Each structure stands twice: as structure tokens, then as C-alpha cells.
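1. sequence and predicted structure are below.
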Amino acid sequence: MSTRAPAPQAASVPSPPATDLRAADPRAAASAEVASDPSDKVAPTFAAFRDVPRTGVIFVTTEATRRGFSPSAADWCNLGQGMPEAEALPGAPPRISELPIRPGDQEYAPVAGLWELREAIASLYNQLFRRGLPSQYSAENVAISGGGRTALTRVAAAMGHINLGHFLPDYTAYEELLDVFRLFSPIPILLEGERGYAFSAADLRREILGRGLSAVLASNPSNPTGKVIGGEELAQWVAVGRELDCALIFDEFYSHYIWRPDLAAQGGISTAARYVEDVDRDPVVILDGLTKNWRYPGWRVTWTVAPKKVIEAVSSAGSFLDGGGSRPLQRKAIELLTPDATMAETKAIAAEFGKKRQRMLNGLRDLGFTVDLPPEGTFYVWASAQHLPASISDGMSFFRAALDRKVIAVPGDFFDVDPGKRRGGRKSRFRRHLRFSFGPPMAKLETALTRLSEMISETSA
């Protein structure tokens, strides 16, 4: 009877130290903190679902809510908000306060939107930006959706196996959007604060040809930097897209908040629609809505303006993604979209928000912030805390300290768009930055700046 020798035991090899990417990427740590609820002894997990990170605005308001913040809390100053004040402004059209429900309003609206609203939007673009041009937008060049992210999601779902360029920094919600849809490959394009975040048509041509881009996504004016591609420069961008058959997807939700003097002189609205030669052949896709430019964020009425073929695709995507928007709100929106009402609202924005822009810009500089570029558009100031006291000289630390003073801002890390976290958790180039909104009323801005001044003084002592 043979006896088998015991199998030799494998040599013990020490495990490599675990790498916690949250140490390098504050956004990962932030998401983990928000996801955990101290009231739960053991947080449940589900095999079918992943952890979905919050966008920057949602993260900061969630953190503030833990400390007592609510939208109605009079003692909080929300400089992190991504919406403008929605009350009446001097010189603006009266705010709509009633919404009648008519026969048929209980039914679904068409996925592409009410035809009458689509016609009104096409007419608005033609009258304001395309007067005298041979190619005119029609209702078939417009699709309606229930919010800006819905419009973006429809466009993303309609794209194929392509390389899509996107900019750093840019709108925080782009990160998950560019990660979820796997047909296209997101390609980052770096913008430099030292250059004032400038990006010329020649730069665009080089990126398209060098990286094989079939589409480029950009917020214009840029959220968060406030940089505007406008005038002749925007005309050149459109020409490059036309020549190279590269779709230019412009998020123009801040296009009526224009502070650059030459563009303000054009009427205070900057849009690529001015420079399209053929509305059905130029690969230009414009996203806009009532959210910012008409100051009705709660309505969630937005639109896509593009060649008919693109509108057919995004509408088909909407049929399985969201099913369409609100019928009564779409119908009511028509009266807001006359040229006279639109220009009156835009002029009121320029007058009132222009004052707030200057106050916020001067106030942050007085506090010791560095501003790479005074905002040419939007209602944000993008500022660096690098010269503040060491304990609050990065965006996340400053944000947390400001919460103690009931002031909210958005750390710059969130705008370093990184779909799929492919950059290995390296520290963000924008970790010193924060985005400050001058969307709230002036009184809130004054209170916030006073509180931040006291915070910085006490930290320096």
C-alpha cells in the first residue's frame, strides 16, 4: 500500500499593497462618502447594479443637505447652483404663473415634440440669426426633450462607432454620459488656463485630423470657465466641421449670458446657428432650452436643432429612452419664444446678471482667488484657491470649510471629465479650482462673500 506524500504548500507571497484611488481622486472619495449612510450598519449590495457617481452640483448639495441645507433655507448661500434666479427681473417679460390644462393635454406628446413648438423654435432661430440666408430651419430641424441631460442623452444614443472629442474642463454631467454609451470612444482635449482656455479653429482641425474625430462636444459658453467661442472664430469652427464632416455638438444653454463686448453688441446671444450654410448638410447640432436662457429651469423644456437626418435619429432614440416631454408645458412655452419676448429677457439678463458678474469677480479676487479668465459667458466664475492658506488651498478643502459657513461652491475636480476613470486616479489639474455661481440674487452673493472673507481671515490668523 503506497502512501502519497503530502502536497507541498505554496510559498507565501505577500500581497501587493492595495491602492486606494480615492487618495488621488477626491471625487472617488466624495462619492464613497455620500454613498455610505452612517445609519446603516451594513449597506446592502446588489449584483445587478453599479455605484453611479453624482455630478458635482448634486454631490455638493447632498453634502450641504446633511448639514441642514434646503432650497428654501434662507440662511444658506448656494453658490454651487446651476440655475439662475427665476423671479421677475426689471425689463423682462412677466413671469408665467398659471398653466391651463386643455383637452388632450392628458395624452402623450409626440416624442419629437409638439409640431407648433417645433415651428416656433425654428422661426425664432430664422428671425434672430438667419434673416436673409437662403437655407432656413423648419420644424423638421427641431426635436423637443424633457431637460438638457435628456437632449444630450438622445444625441449620445444616436451616435455610432466613432471617436468623440470633449474638452477638459467641461460640464460635470458629461462624464457619466460619455461613459455609459459604449458605441463611441470619448477622446479628451486639454485646455490650458495659461492660454485663457482658448482653442482656435486651427487647433480644432489638428485634433480632428490627428485623433480621427467624427464629433466634438462642447459647452459654449463653457461651463465652468466662461470661455466663449464666438463671432468669426465660431464661424471658422463651423467651416472646419463642414469641411471635415465632423459633427459639432454645441451645448448652448448659456448662450444668452454673454459678457464679451463684441458679442454683446450682436444682441447678447452667441450661437452657431448664425454660421450654418445649409441647415440640412452642415453637421452642426445645437442644444438649448428654457432652463437657463429663459430662466424656467423647472419646466424641463429643451430642444435640439440640427439637420433633419440627425433629428430623425435623436427622435428615434427618444422613443426608447424617455418617450417625450410634457404636452401642456410645451404648448405654453410657445408664447415665450417670440423674438420680442426673447430679446427682452436677454436684455434683462445682461443688465442684472452683469452687475452680479462684476461683484462676484471683484469679490473673489479681493479674497485672494486667482481667476484665469474673467467669464465671457455663463453665470459662473472659475477661480483658483492656490494662494489661500494651505488648509483651504484646494477645491475640496475650501468647499468643506465653506459648508461650515453655510456657503456652497463646486470643487474643480468635478469638471475634469474622465469617462470610465481611465486616467488611473491621478490628481486633477483643476484640484485647486472651484466654480462659483452668480445665479442667486445679489443679496445672497453679498452674504456669501462676507462669510468667506471671515473664514479666510480666521484661517490665516
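-> Structure received. Since we're looking at a predicted model, the values are computed, not measured. Numbering: from 1, shown residues only.
2. can I get the helix or strand hosting Gly210 in CSV? Just the C-alpha atoms.
-> Following DSSP states H and E, the helix or strand that holds Gly210 is helix 201-211. Extracted in CSV, the C-alpha atoms of helix 201-211 (Å, rounded to 0.1, in the frame of the first residue of the first chain):
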residue,chain,number,x,y,z
ALA,A,201,-10.2,76.6,-35.5
ALA,A,202,-6.7,75.6,-36.4
ASP,A,203,-6.5,73.7,-33.1
LEU,A,204,-9.8,72.1,-33.9
ARG,A,205,-8.6,71.0,-37.3
ARG,A,206,-5.5,69.5,-35.8
GLU,A,207,-7.4,67.5,-33.2
ILE,A,208,-10.0,66.2,-35.8
LEU,A,209,-7.4,65.0,-38.2
GLY,A,210,-4.8,63.9,-35.7
ARG,A,211,-7.2,61.9,-33.5
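3. could you look up the SS state of the residue nearest the centre of the chain?
-> Central residue check for the chain by Cα atoms, centre = their mean: the C-alpha nearest the mean position is that of Tyr171, 3.5 Å away. Look at Tyr171: counting by DSSP: H, G, I helix; E, B strand; the rest coil, its state is coil.
4. look up phi and psi at it.
-> Main-chain torsions, Tyr171, degrees, to the nearest 10: phi -50, psi 130.
5. for Asp416, see how far away it is.
-> 12 Å (Cβ to Cβ, to the nearest Å). Every residue, glycine included, has its C-beta placed from N, CA and C.
6. and what of Ser384?
-> Taken as Cβ to Cβ, the span from Ser384 to Asp416 is 14 Å.
7. same question for Ala409.
-> As judged by Cβ to Cβ, Ala409 and Asp416 stand 16 Å apart.
8. residue contacts, Val432?
-> One correction, residue 432 is Arg, not Val. Arg432 sits next to 384-386, 393-395, 412 when contact means Cβ atoms under 8 Å, 6 or more residues apart in numbering.
9. make JSON lines out of these and add neighbour count and distance to Glu63.
-> What follows is the contacts of Arg432, written out as JSON lines (neighbours: other Cβ atoms under 10 Å; distance: Cβ to Cβ, whole Å):
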{"residue": "Ser384", "neighbour count": "22", "distance to Glu63": "21"}
{"residue": "Ala385", "neighbour count": "26", "distance to Glu63": "18"}
{"residue": "Gln386", "neighbour count": "14", "distance to Glu63": "23"}
{"residue": "Ser393", "neighbour count": "17", "distance to Glu63": "20"}
{"residue": "Asp394", "neighbour count": "24", "distance to Glu63": "16"}
{"residue": "Gly395", "neighbour count": "27", "distance to Glu63": "13"}
{"residue": "Gly412", "neighbour count": "28", "distance to Glu63": "16"}
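10. identify the residues contacting Gly146.
-> Counting by Cβ under 8 Å, 6+ apart, Gly146 touches 300-302, 322, 324-326.
11. how does it look with 6 Å?
-> 300, 325 (Cβ atoms under 6 Å, 6 or more residues apart in numbering).
12. equivalent analysis for the one 10 residues further on, please.
-> For Ala156, the contacting residues are 177, 181, taking Cβ under 6 Å, 6+ apart as the criterion.
13. assumed it was part of a helix.
-> Yes: under three-state DSSP, Ala156 sits within a helix.
14. got the domain ranges for the chain?
-> 25-38+51-88+344-460, 115-337 (automatic domain parsing).
15. indicate which one of those domains is closest to Leu99.
-> Closest to Leu99 of the domains of the chain, according to Cβ to Cβ: domain 115-337, at 5.6 Å.
16. ends of the closest one, how far apart?
-> With Cα to Cα, to the nearest Å as the measure, domain 115-337 spans 14 Å from end to end.
17. centre of the chain to that domain, how far?
-> Centroid separation for domain 115-337 versus its chain: 12 Å, with Cα atoms, centre = their mean, to the nearest Å.
18. mean confidence score for it?
-> Average pLDDT, domain 115-337: 97.
19. got it, and stretch 384-392?
-> Averaging pLDDT along stretch 384-392 gives 97.
20. distance between the ends of it?
-> Stretch 384-392 end-to-end distance (Cα to Cα) = 11 Å.
21. can you lay out the domains of the chain as CSV showing distance to Ser97?
-> Output for these, formatted as CSV (distance: least, Cβ to Cβ, whole Å):
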stretch, distance to Ser97
domain 25-38+51-88+344-460, 10
domain 115-337, 11
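22. of those domains, which is nearest Ile96?
-> Smallest distance to Ile96 across the domains of the chain (Cβ to Cβ): 6.6 Å, for domain 115-337.
23. all strands for the stretch 101-250 of the chain, in order.
-> 142-145, 163-168, 185-190, 213-219, 247-251 (DSSP state E, counting those that start in this stretch).
24. what pairs with the third one, and is each one parallel or antiparallel?
-> Strands flanking strand 185-190 in the sheet, each with its direction: strand 163-168 (parallel) (DSSP bridges).
25. CA atoms of the strand it pairs with as PDB?
-> The C-alpha trace of strand 163-168 is given here as PDB (Å, rounded to 0.1, in the frame of the first residue of the first chain):
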ATOM      1  CA  ASN A 163     -14.100  59.000 -31.800                       C
ATOM      2  CA  LEU A 164     -15.800  61.900 -30.000                       C
ATOM      3  CA  GLY A 165     -13.700  64.700 -28.700                       C
ATOM      4  CA  HIS A 166     -14.600  66.500 -25.400                       C
ATOM      5  CA  PHE A 167     -12.800  69.300 -23.500                       C
ATOM      6  CA  LEU A 168     -11.100  69.500 -20.100                       C
END
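26. most tightly packed of the strands of the stretch 101-250 of the chain?
-> Mean neighbours per residue, mean count of other Cβ atoms under 10 Å, is largest over the strands of the stretch 101-250 of the chain for strand 142-145, with a mean of 29.
27. helices or strands next to it in the packing?
-> Under the contact definition 3 or more Cβ pairs under 6 Å, 6 or more residues apart in numbering; DSSP states H and E, strand 142-145 sits against helix 115-129, strand 302-305, helix 308-321.
28. now those in CSV, with mean neighbour count and distance to Pro188?
-> Below are the helices and strands packed on strand 142-145 laid out as CSV (neighbours: other Cβ atoms under 10 Å; distance: least, Cβ to Cβ, whole Å):
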stretch, mean neighbour count, distance to Pro188
helix 115-129, 19, 31
strand 302-305, 28, 24
helix 308-321, 18, 24
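29. looking at these, spot the one closest to Glu87.
-> Closest among the helices and strands packed on strand 142-145, once you apply Cβ to Cβ, is strand 302-305, at 21.2 Å.
30. next one: phi and psi at Val381?
-> Val381 adopts backbone torsions of phi -120, psi 130, taken as degrees, to the nearest 10.
31. do Ser255 as well
-> The phi/psi pair for Ser255 (degrees, to the nearest 10) is phi -70, psi -10.
32. cool, Leu287 as well?
-> Dihedral pair for Leu287: phi -120, psi 130, per degrees, to the nearest 10.
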